[in-house]
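> give me a model of this one.
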Amino acid sequence: MKVTNLHVETVDVREYLYGLGVAFLISINLVISEVLKKIANLKINHRLYYYRDNNGNEVDLIIDRGSKQIGIEIKAGQTYKSDFLKGLDFWRNLDEQQHDQSILLYAGSIEQKLGQHQVLNWAEYVL
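You can find the predicted model right below:
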């Protein structure tokens, strides 16, 4: 068999994964594993967990530092939407004294502070 027409295409892996709809699973697992790795390498005894209640309010990752907590919401979308902060807003209102930081990690490139939340690119945050 002879191949006469060979087409080589450069694929942006990130775009390819978004197209498959698995970007969210990969991004959330990558972020959590990288945070866990950083905590282990620094030999810090922080606990990691997530928050979800019976009404569907949730935060993807809570880093419990003892007296303070950091809430992290992870989204695969490249365009910021205000509802991305819904879970973090709810969580922060549960106990303002204990919740130190709230961070939204998403696939977009615009990083900013929105109220009490930091909005960051998830790849920049973990890599």
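> can you pull the contacts of Arg52?
Applying CB atoms under 8 Å, 6 or more residues apart in numbering to Arg52 gives the contacts Glu58, Val59. To be clear about C-beta, it is placed using only N, CA and C from the backbone, and glycine gets the same treatment.
> now the residue nearest to Ile72 when sequence neighbours are not counted: which helix or strand?
Excluding its sequence neighbours, the residue lying closest to Ile72 (CB to CB, 6 or more residues apart in numbering) is Leu61, at 4.2 Å. For Leu61, the host element (DSSP states H and E) is strand 58-64.
> Leu88 now?
Secondary structure from DSSP H and E places Leu88 in helix 86-94.
> and if you look at Asp100?
Short version, using DSSP H and E: Asp100 is in strand 99-106.
> any idea which helix or strand comes after that strand?
With DSSP H and E, the next secondary element past strand 99-106 is strand 112-114.
> list the contacts of that following strand.
Contacts to strand 112-114, defined as CB under 8 Å, 6+ apart, come from residues Leu85, Leu104, Val119.
> neighbour-wise, give me the winner out of those.
Of all these, the most densely surrounded is Leu104 (24 neighbours; neighbours counted as other CB atoms under 10 Å).
> how about that one, what does it touch?
Neighbouring residues of Leu104 by CB under 8 Å, 6+ apart: Ile72, Glu73, Lys75, Tyr80, Phe84, Leu85, Leu88, Leu114, His117, Gln118, Val119, Leu120.
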